[in-house]
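1. Fold the following for me, if possible:
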Amino acid sequence: MNVWKANGLKYILLFSLILCAVASVVSLWSYSGSSASQSAAVRQGPSGGFGGGGGPGGGMRGPDSANRSDSKNQGTTGQTTDSDSSTEGTSTSGDQGTTAGTDTSASDSSGAARDGQHRGPGGMSGNGSGMGMGGPGGGMGGGGRSGNSSSAYATPLAVFAALFFGAFVFITYRFRAREWKLGERNRGLMLWTVLGVGFFLRMAIAPWISGHMDLMLFRNWATTAADSLSGFYTNGSSDYPPFYIYILYVIGQIGSTDAFSPYMSVLLRLPNILADIVTAYMLYRLASKRVGYGISLGLAIFYVFNPAVFINSTFWGQVDSFFTLLIVGMIVLLVENRVGWSTVLFTVAVLMKPQGIIYGPVLFFELLRQRRIQPWLLSIGGVVVTTILVILPFSWGQEPLWLLDLYKGTVGEYPYASVNAYNFFALIGGNYTQDTTTLFLFSYHTWGMICIVLVTLFTWWMFIRSRKPQFAAAAALVLIAGVFTFASSMHERYLFPAAALAVLAYLYLRDRRFLWLAGGFSLTIFLNTFDIFYSSNSRDQYGIILCVTSLLNVLLFGYLVKVVWECSQSTTIETAPSTDGVSPELPSARPAWGASSQGVNTTIDR
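-> A predicted model of the protein is given here:
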C-alpha cells in the first residue's frame, strides 16, 4: 500500500501512455489488413496521378463519386468549362482512408487548384464531390460546398468539443484566483504523458478518417515530387509554394514503398500531427520560464487536445499546424532578439503559404524599434539566402520570375468576399460573392484592402506604445484576427494560428484575458472548420453556424482591440520566471503591471 501511495500517479501515467501507444499500434495494424487500406493503395499512372491516365494530365477523382456533369466554373483566368465529363468505376472512402477508383474522365479546363477548393460560385468541394484535374494547370470540377463524405465521426467530435470548451470555461473561471498546486514528483512523466497520449490518439484515429479532398491533392503532389523534385512545377499542375513540397517529397519517397503505401493518408498527416505536439511542447517550455508548472502543463493540455487543432491536422489533413509552428517559432525568436533566425522562419512560412506575409509587419515593427542597422542586414540576408536555398532546386528550366508568377496566380485564385471564412463579410451575406461586387461606396476587395491597412496601422501604433519586443505575439494576433475578420478572399482555416498566438500573448504580457481569447478563437476556428468539413449542402447557405461564428469573430476582435489597447500602456517588461515548485496565481482580469510584489523585474528573460 505504501508503494502504491508513493508511486500511484506514476503507475497511472505510465499505464495511460502505454495503453494509448498500444491502441495506436493496433489501429494501424488493423487498418493495414483491412479492405480499406487495400483500396487506399489507389492505382497510379506513370507519374503517380490518381486513377487511370497517370501523368500530369491524369484525371483525379474525389471519393464516393461517380457522376456525369455539365458545369461551368468562373475562375480567375476566365471561364472554364467541364463538359461531358464521365467517370465510371468504384471508389471507396467513408472514414476508411482516402481512396479513388478508375477514372475515365475527359475534361477541358484551365487554372490551378489549391487546398482542394472549388473556385466557382457554390464554394468548396469537399469529400463528397467529384474533382477533375486536367493537364498542367488543370481546373477542378465538382459542385457546391460539400464536406466529408461520411459523418460517422461528426457526433463524437462534436461531443468532445462541447466537453472540452465546457471544461475550459470552468477551469479558467474557477481557478482564476487560485494556485495550481502540483507535486514535484513525476513532472517530466506528466508532460510526456500528455504529449504522448495526444500523439498516439491522433495516430490511432488518422487511418480511419477519410479526410478532406485536400489529402488527394497532397498525395498527388507527393508522388509527383518523389518522381522528380526539380521538375515538380514544370511537370505538374500545382500552384502551391515550394517549401512544403520538400516535405511532400519525403512522404512520396516513403509512401512509394510496399510497406508504407497503405498508410499514405497517415503519412500525409504525420508532419502536422508532429507539429501539434512540438508546438504544445514549445508553449510548455516557454510557460515554464514565466509561470508555474501547473499552468504550463495546463497550457500544453489545452493545445494538444484542442478540438480546433485536432480537426485540422487529424480529420481534415491540412498543413496549418506546420505553418503555425513556424509562426510561433518566428515570434519566440524575435522576442529573444534572434532577428536573423526569426527572419529565416518567417521567410520559410511565406514560402509555404502566401498568408505568411500577414505576419511580416511584426518583424518590420521590431526592426524599426531597434533603430540599428545590424538587425536590418541580418533580416535582408536571411530573406535572400533562405529564398535562394528553397527555390533553387525548382528553378531549373523556369522563367526568372516564375515564383512571382506563382504567387500572383495563387493570391488571385479566389476572387470572392469570403471563401467559407466566417467573418464580417460572411456575416453580411458575402460568402462566395464576387469581390468586385459593390458594398456601399466600394467593392468588397477595396473594403478589404482598407481594413488591412487600418489593422496594420493600429498594430503599429500599439507596438510603438508598448516599447517592448514582448508585444510581438499580441501584434501578430491582432494582425491575423483583424485580417481574417475584415479582409476579402479569406479561407476558413486562415485564423488557425490565433489559438497559439493568444497563448503566447498571455505568456509575454501576463494578462489573463488572452486566455479567454485563446478559448474564444479556438471555438470559432472549430465551428468554422467543422461546418465546412462536415457540410452536406449543395449550395452555400446563410445558416445559424455561419451567422453565430461570424458574429463571434467580430466580437472577439473588438474585445482583442480593447485588451491590446490597455496592455500597450504597460511600463513593466514582464514577470520573472517562477523559481519555486508551486505555480503562481493566474493574473486577475486586469494585470497588476505596476505592482511591486516579489518576482517582478524589468529585465528580459533570455
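2. Buried residues in the strand or helix carrying residue 386, which are they?
-> For residue 386, the element it lies in under DSSP states H and E is helix 373-391. Neighbour-count burial for helix 373-391, counted by 16 or more other Cβ atoms under 10 Å, picks out 375, 378, 379, 382, 383, 386, 387, 390, 391. C-beta: built from backbone N, CA, C; applies to glycine.
3. which among those residues gets closest to residue 231?
-> Closest approach to residue 231 among these (Cβ to Cβ): residue 391, at 14.1 Å.
4. what's the nearest residue to residue 311 if we skip its chain neighbours?
-> residue 529 (5.3 Å; Cβ to Cβ, 6 or more residues apart in numbering).
5. and the closest residue to residue 455 other than its chain neighbours, how many residues sit next to it?
-> Of all residues not flanking residue 455 in the chain, residue 482 sits nearest, at 3.4 Å (Cβ to Cβ, 6+ apart). Other residues within reach of residue 482 by the criterion other Cβ atoms under 10 Å amount to 21.
6. can you check the one 3 residues further on too?
-> Other residues within reach of residue 485 by the criterion other Cβ under 10 Å amount to 27.
7. helices or strands next to the host helix or strand of it in the packing?
-> Following DSSP H and E, one finds residue 485 within helix 472-486. The contact analysis (3 or more Cβ pairs under 8 Å, 6 or more residues apart in numbering; DSSP states H and E) places helix 472-486 against helix 320-335, helix 360-370, helix 424-427, helix 444-466, helix 498-509, helix 513-533, helix 544-567.
8. Verify the contact between residue 395 and residue 402 for me.
-> Yes: using Cβ atoms under 8 Å, residue 395 is in contact with residue 402, at 6.9 Å.
9. Residue 484 and residue 166, how far apart?
-> To residue 166, residue 484 is 25 Å away according to Cβ to Cβ, to the nearest Å.
10. Looking at the two, which one has more neighbours?
-> When neighbours are counted by other Cβ under 10 Å, residue 484 comes out ahead of the other of residue 484 and residue 166, with 31 against 10.
11. Show the contacting residues for the closest residue to that one other than its chain neighbours.
-> Leaving aside its chain neighbours, residue 484 sits nearest to residue 495 (4.5 Å; criterion: Cβ to Cβ, 6+ apart). Contact analysis of residue 495 by Cβ atoms under 8 Å, 6 or more residues apart in numbering lists 421, 480, 481, 484, 521, 524, 525, 528, 553.
12. and which of those residues is nearest residue 469?
-> Looking across the contacts of residue 495 and measuring by Cβ to Cβ, the closest to residue 469 is residue 480, at 18.4 Å.
13. ok, that closest one - contacts?
-> Residue 480 makes contact with 358, 359, 494, 495, 497, 498, 501, according to Cβ under 8 Å, 6+ apart.
14. Can you read off the backbone torsions of the fourth one?
-> So the one you mean is residue 495. phi -80, psi -10 (degrees, to the nearest 10).
15. How much space separates it from residue 343?
-> Between residue 495 and residue 343 the distance is 24 Å, computed by Cβ to Cβ.
16. Out of the contacts of residue 480, grab the one that's most surrounded.
-> residue 497 (32 neighbours).
17. Roughly how far does residue 159 sit from residue 166?
-> Distance, residue 159 to residue 166, using Cβ to Cβ: 11 Å.
18. And for residue 213?
-> Per Cβ to Cβ, residue 213 is found 32 Å from residue 166.
19. same check, this time on residue 314
-> 21 Å.
20. returning to that earlier point: dump the C-alpha coordinates for the helix holding residue 485 into CSV.
-> Provided in CSV are the C-alpha atoms of helix 472-486 (Å, rounded to 0.1, in the frame of the first residue of the first chain):
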residue,chain,number,x,y,z
ALA,A,472,5.2,40.9,-30.8
ALA,A,473,2.8,38.0,-30.0
ALA,A,474,-0.1,40.3,-29.3
ALA,A,475,0.7,42.2,-32.5
ALA,A,476,0.7,39.0,-34.6
LEU,A,477,-2.6,38.0,-33.0
VAL,A,478,-4.2,41.4,-33.9
LEU,A,479,-3.0,41.1,-37.5
ILE,A,480,-4.3,37.7,-38.2
ALA,A,481,-7.6,38.2,-36.3
GLY,A,482,-8.1,41.6,-38.0
VAL,A,483,-7.2,40.5,-41.5
PHE,A,484,-9.3,37.3,-41.2
THR,A,485,-12.3,39.2,-39.9
PHE,A,486,-12.3,42.1,-42.3
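21. So that it lines up with my notes, have the first residue be 52 from now on.
-> With 52 as the first residue, the last one maps to helix 523-537.
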